[in-house]
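*Asks:* Structure for this input, please:
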Amino acid sequence: MSAATAAEPILSATQLKLSFGNQLILDDATLAVHAGDKIGMVGRNGCGKSSFLRIVAGDENADDGHISRSRGLVVGYLPQEFQLDDDATVLDNIRGGAAELIDALERFESGDDRVQAIIDHGDGWNLDSRIETLMRKLDTPPAERIVGHLSGGEKRRVGLARALVAQPDLLILDEPTNHLDAEAIEWLEAYLANLKTACFFVTHDRYFLDRIATRIVELADGKFFSHEGNYSEYLLAKQERVGADMAAEGKRQSFLRREINWVRAGVKARGTKQRSRLENFYSVKAKKAPTEELDMDLVVPPAPKLGNVVVKLKSVSHFIEKKPLFLGLDVEFEAGECVGVVGPNGAGKTTLLRAIMGQLKPDEGTVKIGVKTEFNYADQTRLELNDDLSVFEEVSEGKESMRFGPETISVRAYLKRFLFADDRINDRVGSLSGGEKNRVLLAKILKRGGNFLVLDEPTNDLDLQSLRVLEEALINFTGTSLVVSHDRYFLDRVCDRVIVFEEPGQVGVWVGNYSYYREKRKQMVAVSAANKAQMAPKKRVAGNVKTEAPPKLKWKEEKELEEIEAKILEAEEAVSEAEAKLNDPDFYKENTCQVAAMTEDLEGRRVRVKRLYDRWEELEGIRKAWDTWKSENG
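*Replies:* From the prediction side, this is the model:
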């Protein structure tokens, strides 16, 4: 199996064309992937990202153009709509992703040493341990479970393990973080970052894009725009690109205004200069203006005023088959706040939502719901959409107008806020992309109003622009909102508090966003571990023999340890200051051009906090080890 050189692309897409009816998806799109590339693809929902991935993976053909692959290229593919063998076990499905490797191993054991290169290339000797690691880290169901009995989320984790197991030359991943909890996502980030395999992925997870991508490719108007660097760097580069395009368009319009009177005068183009001038005019006139990117104007209907009591949980507990999902939970919700709910799949998050809304009576404790509290709940399955109805019919439910707070607006005007213009409003729901269907669902759900929004995984399948608009809508919502999400960036942007399922039965309520919780939790775990080590029974040393002394803090390190807590506090305040600025709607209105740079600066401040905590743990560990040795050995 020949490896592609750094100079040669392992895969090239040249002048691809693809259209669905009147909608042009790819228009002479050209792109090259090199060995080791980590390419994140971004673009509006419905622009053709998943279609392009299917073409690259060989599952679909373009209308025109060419795909070339290096000889022997091994491709691993996780599509959004993946297929597994429902009659086979979890283990058999995962092993199916390494079928060629397993065949080579069996042939080698039969004495065929010609396949050794295939085994070496795919690290086949460590296949079994790799499968075990993938299943554990991705929290797949047990190996012997039949796949047909699994939930959609469980199947997706099996599909991801199947795509990763063969260690292919090119990994193609369509929304790989869907249905993964935060810890699994962080593990996947580290796994892919250290993998030599080239990776081409589509995701709405902005932290994932920032930490993995070495190149961002945007698909817009059927063409690819490539930007070196991660997502934050792409935002800055795109800003410059759009600015240059608009400046060029301004010059084009100025030229046309200057020349139009001369053309209208009907001057006969007899001379060479006149012909050239006329040809230049029509050439410039024929150029396409840059497409204006429209954002969803997602405004949640104004919330009816809440009472003094919104929802109050007192000592609430719930059990499944005598096993606790949460124990003694105390939390009181307030008007105007957004609370995130975080935890592993199956931990009990949806059960907690139902208890909060009064749909499920807790086994212990009380739930008090305010008399003015009106819930609007979007569960994981959302509402069923009828593929045979049009977008308008699905949302309007037979009415031309709808209530929007104290006002009445037309359903057509409402749908335009969700980027369904007049030419798309009558499209069948069944013809829409996954992301477009999600916008229809959001429109249908939010139309119901309420002053306590409960959103279970609202970010799934939304494109990055729509995510940002949803964030702004929640930040500006005057009612209370409760969101379940694995999207760490989303949680950091919108949450004032987080409810975290940490251990079976143990649920914590933390002030601040998700990243702040993670840092504080890490600090607490480190202190707890150090205290346990200090309190552990000490082994007696025979006679006067002393154990070898551990390292002792140097004078400079002692000074550093004394000062580091103040530095941590200062660094955390800097993070809070930056987060407050980014969470301020007025900042976005007045400083749009600074958002990308501010986001990148915030990430840098968070990294500094993490490094300070890591250094504190290191120094504190050395100090405790020395003090313990000294007390034992005199």
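*Asks:* pLDDT score for Leu464?
*Replies:* The model reports Leu464 with a pLDDT of 78.
*Asks:* Oops, could you answer that again for Tyr517 instead?
*Replies:* So Tyr517 comes in at 88 (pLDDT).
*Asks:* got it, and Glu293?
*Replies:* So Glu293 comes in at 55 (pLDDT).
*Asks:* Closest to the centroid, which residue in the chain?
*Replies:* Geometric centre of the chain, nearest residue: Asp205, 1.6 Å, by CA atoms, centre = their mean.
*Asks:* Is it correct that Cys199 falls within a strand?
*Replies:* Yes: per DSSP: H, G, I helix; E, B strand; the rest coil, Cys199 lies within a strand segment.
*Asks:* Which of the helices or strands spans the closest residue to it other than its chain neighbours?
*Replies:* Leaving out its chain neighbours, the residue that sits closest to Cys199 by CB to CB, 6 or more residues apart in numbering is Leu171, at 4.5 Å. In this view, the C-beta of every residue, glycine as well, is placed from N, C-alpha and C. If you go by DSSP states H and E, Leu171 is part of strand 170-174.
*Asks:* Now do the longest helix anywhere in the chain: which elements does it pack against?
*Replies:* Counting by DSSP state H, the longest helix found in the chain is helix 595-633. Packing contacts for helix 595-633, counted by 3 or more CB pairs under 8 Å, 6 or more residues apart in numbering; DSSP states H and E, involve helix 231-264, helix 514-535, helix 555-582.
*Asks:* Check which residues of that helix are buried.
*Replies:* 596, 599-603, 605-606, 608-609, 612-613, 615-617, 619-620, 622-623, 625, 629 (16 or more other CB atoms under 10 Å).
*Asks:* one step back: how about the helices and strands packed on helix 595-633, which one is nearest Ala143?
*Replies:* Nearest of those to Ala143, taken as CB to CB: helix 514-535 at 30.0 Å.
*Asks:* returning to what we had before: redo the helices and strands packed on helix 595-633 as TSV? Include distance to Trp125.
*Replies:* What follows is those, written out as TSV (distance: least, CB to CB, whole Å):
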stretch	distance to Trp125
helix 231-264	36
helix 514-535	35
helix 555-582	43
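*Asks:* got the residue ranges for the helices in the stretch 51-200 of the chain?
*Replies:* 90-96, 99-109, 116-121, 127-137, 152-164, 182-194 (DSSP state H, counting those that start in this stretch).
*Asks:* Need the CA coordinates for the first one. CSV is fine.
*Replies:* Going back to what we said before, that points to helix 90-96. The C-alpha trace of helix 90-96 is given here as CSV (Å, rounded to 0.1, in the frame of the first residue of the first chain):
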residue,chain,number,x,y,z
VAL,A,90,-22.0,-4.2,18.5
LEU,A,91,-18.6,-5.9,18.3
ASP,A,92,-19.3,-7.4,14.9
ASN,A,93,-20.4,-4.1,13.5
ILE,A,94,-17.3,-2.3,14.7
ARG,A,95,-15.0,-5.1,13.4
GLY,A,96,-16.8,-4.7,10.1
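*Asks:* Report the buried residues of that helix.
*Replies:* Those would be Val90, Leu91, Asn93, Ile94, Arg95, for helix 90-96 by 16+ other CB under 10 Å.
*Asks:* That one - contacts with which helices or strands?
*Replies:* Contacts defined by 3+ CB pairs under 8 Å, 6+ apart place helix 90-96 against helix 127-137, helix 152-164.
*Asks:* lowest-confidence stretch among these?
*Replies:* Mean pLDDT per stretch puts helix 152-164 lowest among the helices and strands packed on helix 90-96, at a mean of 87.
*Asks:* Buried ones in that one, by neighbour count?
*Replies:* Gly153, Glu154, Lys155, Arg156, Arg157, Val158, Gly159, Leu160, Ala161, Arg162, Ala163, Leu164.
*Asks:* I figured the first one hits Ala184, correct?
*Replies:* No: Gly153 lies out of contact with Ala184 (CB atoms under 8 Å); the separation is 11.1 Å.
*Asks:* which residues touch the strand holding Leu171?
*Replies:* Strand 170-174 has contacts (CB atoms under 8 Å, 6 or more residues apart in numbering) with 10-11, 33, 49-50, 53, 56-57, 73-80, 160, 163-164, 192, 195, 197-203.
*Asks:* Just the buried ones among those residues, please.
*Replies:* 10-11, 33, 49-50, 53, 56-57, 73-80, 160, 163-164, 192, 195, 197-203.
*Asks:* mind listing the helices in the stretch 201-350 of the chain by residue range?
*Replies:* Taking DSSP H, counting those that start in this stretch, the helices of the stretch 201-350 of the chain run over residues 206-212, 231-264, 272-286, 349-356.
*Asks:* Describe which strands the following helix or strand past the last one pairs with in its sheet and in which direction.
*Replies:* Read that as helix 349-356. For helix 349-356, the following helix or strand on the C-terminal side (DSSP H and E) is strand 364-369. Using DSSP bridges, strand 364-369 pairs in its sheet with strand 311-320 (antiparallel).
*Asks:* Just the CA coordinates for the strand it pairs with, please, in PDB.
*Replies:* The C-alpha trace of strand 311-320 is given here as PDB (Å, rounded to 0.1, in the frame of the first residue of the first chain):
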ATOM      1  CA  VAL A 311     -39.900  26.700  39.500                       C
ATOM      2  CA  LYS A 312     -38.500  25.500  42.800                       C
ATOM      3  CA  LEU A 313     -37.100  22.000  43.500                       C
ATOM      4  CA  LYS A 314     -36.600  20.900  47.100                       C
ATOM      5  CA  SER A 315     -34.700  17.700  48.000                       C
ATOM      6  CA  VAL A 316     -35.800  16.100  44.800                       C
ATOM      7  CA  SER A 317     -34.800  12.500  44.100                       C
ATOM      8  CA  HIS A 318     -35.700  10.000  41.400                       C
ATOM      9  CA  PHE A 319     -34.900   6.300  41.000                       C
ATOM     10  CA  ILE A 320     -34.900   3.800  38.200                       C
END
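*Asks:* export the helices and strands packed on helix 90-96 to JSON lines and tack on distance to Gly508?
*Replies:* As requested, those are arranged in JSON lines below (distance: least, CB to CB, whole Å):
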{"stretch": "helix 127-137", "distance to Gly508": "23"}
{"stretch": "helix 152-164", "distance to Gly508": "23"}
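*Asks:* Out of these, the one nearest Gly250 is which?
*Replies:* Proximity to Gly250 (CB to CB) singles out helix 152-164 among these, at 46.2 Å.
*Asks:* Now do that closest one and helix 127-137, the angle between them.
*Replies:* If you take axes from the mean of the first three to the mean of the last three CA atoms, to 10 degrees, helix 152-164 sits at 150 degrees to helix 127-137.
*Asks:* Please renumber the chain so that the first residue is 26 from this point on.
*Replies:* That works, and once the first residue is 26, the last one we named lands at helix 177-189.
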